[in-house]
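[1] Dropping a prediction and its sequence here:
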Amino acid sequence: MSSEDRDGFRIRPGRGNDLEAVRAIYNRHIEEGVATFDLEPKSRADREAWFAKFGDEGPYRIFVAQDPGGAVVGFSCSGPFKDKAAYASSVEVSVYLAGGFRRRGLGGRLYAALLGALASAGVHRAYGGITRPNPASVALHEAFGFRRAGSFREVGFKFGAYHDVDWYELELDRPGQAPAADSRKEPS
């Protein structure tokens, strides 16, 4: 399962040889932003263990965006929402892009691939945490039908300040609710 658009960007499932590029993108977000509350860059060994949980089926998936030259410039993934068994049908979803590749529609294409795969994987709910303010991420989530579920005030401390996180949720197992690449608005 992969797709290519008119600009030559390709969205496909992540593979083991994508690990270094994915790690570099994520580490840059750790070092420069508040989209993640990790504070220290991730080692290769740490990311190998993390990457090993993704598969071609099931609730934990990873998709990558490749530029026309074949370089990985972004990824979307799903992982456990919480580590308790009762949460097994819920996942947390994320999307990260390399610098210079934002506002090109790649985040939406990555989410379309991920959410489309999750819709047939027995996932009941997908959750995304958005550190405020981030109107672009809010717009992306809302375009796929996510709804704001609540906020955690001053839940993370990074770069010398406390940050609020809004949580968005998407119900995936209702008939007619699975997002598609060409229809991102939730039906009314």
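    Done, it's in.

[2] measure residue 73 to residue 106 for me?
    7 Å (Cβ to Cβ, to the nearest Å). Where C-beta positions appear, they are placed from N, C-alpha and C, glycine not excepted.

[3] who's more crowded, those two?
    Higher neighbour count among residue 73 and residue 106: residue 106, with 24 against 19, using other Cβ atoms under 10 Å.

[4] and the next element down the chain from the helix or strand of the chain at the bottom of the mean pLDDT ranking?
    Counting by mean pLDDT, DSSP states H and E, the chain has its least confident helix or strand at strand 3-4, which shows a mean of 56. Following strand 3-4 in sequence order, the next helix or strand is strand 10-13 (DSSP states H and E).

[5] right, and the helix or strand after that following strand?
    Using DSSP H and E, the first helix or strand after strand 10-13 is helix 19-32.

[6] Mind listing what's buried along that next one?
    Residues of helix 19-32 classed as buried: 19, 21-23, 25-27, 29-30 (neighbour count, 16 or more other Cβ atoms under 10 Å).

[7] Run the chain-centre distance for it.
    With Cα atoms, centre = their mean, to the nearest Å as the basis, helix 19-32 stands 14 Å off its chain's centre.

[8] and whichever helix or strand comes after it, what other elements does it pack with?
    Where DSSP H and E defines the elements, the next helix or strand beyond helix 19-32 is helix 44-51. Here helix 44-51 touches helix 19-32, going by 3 or more Cβ pairs under 8 Å, 6 or more residues apart in numbering; DSSP states H and E.

[9] mind pulling up the phi and psi values for the spatially most distant residue from the centre of the chain?
    Centroid-distance maximum for the chain: residue 160 at 25.6 Å, with Cα atoms, centre = their mean. When read as degrees, to the nearest 10, the backbone of residue 160 gives phi 80, psi 10.

[10] in stretch 100-118, what counts as buried?
    101, 104, 106-118.

[11] any low-confidence regions in the chain?
    1-6, 174-188 (pLDDT under 70).

[12] any idea where the strands of it begin and end?
    Under the criterion DSSP state E, the chain carries strands at the ranges 3-4, 10-13, 62-66, 72-80, 90-97, 125-131, 147-158, 161-171.

[13] who touches residue 101 in this structure?
    By Cβ atoms under 8 Å, 6 or more residues apart in numbering, residue 101 lies in contact with 65, 67, 73-74.

[14] before we move on, what about residue 136?
    Shown in contact with residue 136 (Cβ under 8 Å, 6+ apart): 102-103.

[15] Look up how far residue 58 lies from the residue nearest the centre of the chain.
    The chain has residue 94 as the residue nearest its centroid, 2.0 Å off, counting by Cα atoms, centre = their mean. To residue 58, residue 94 is 17 Å away according to Cβ to Cβ.
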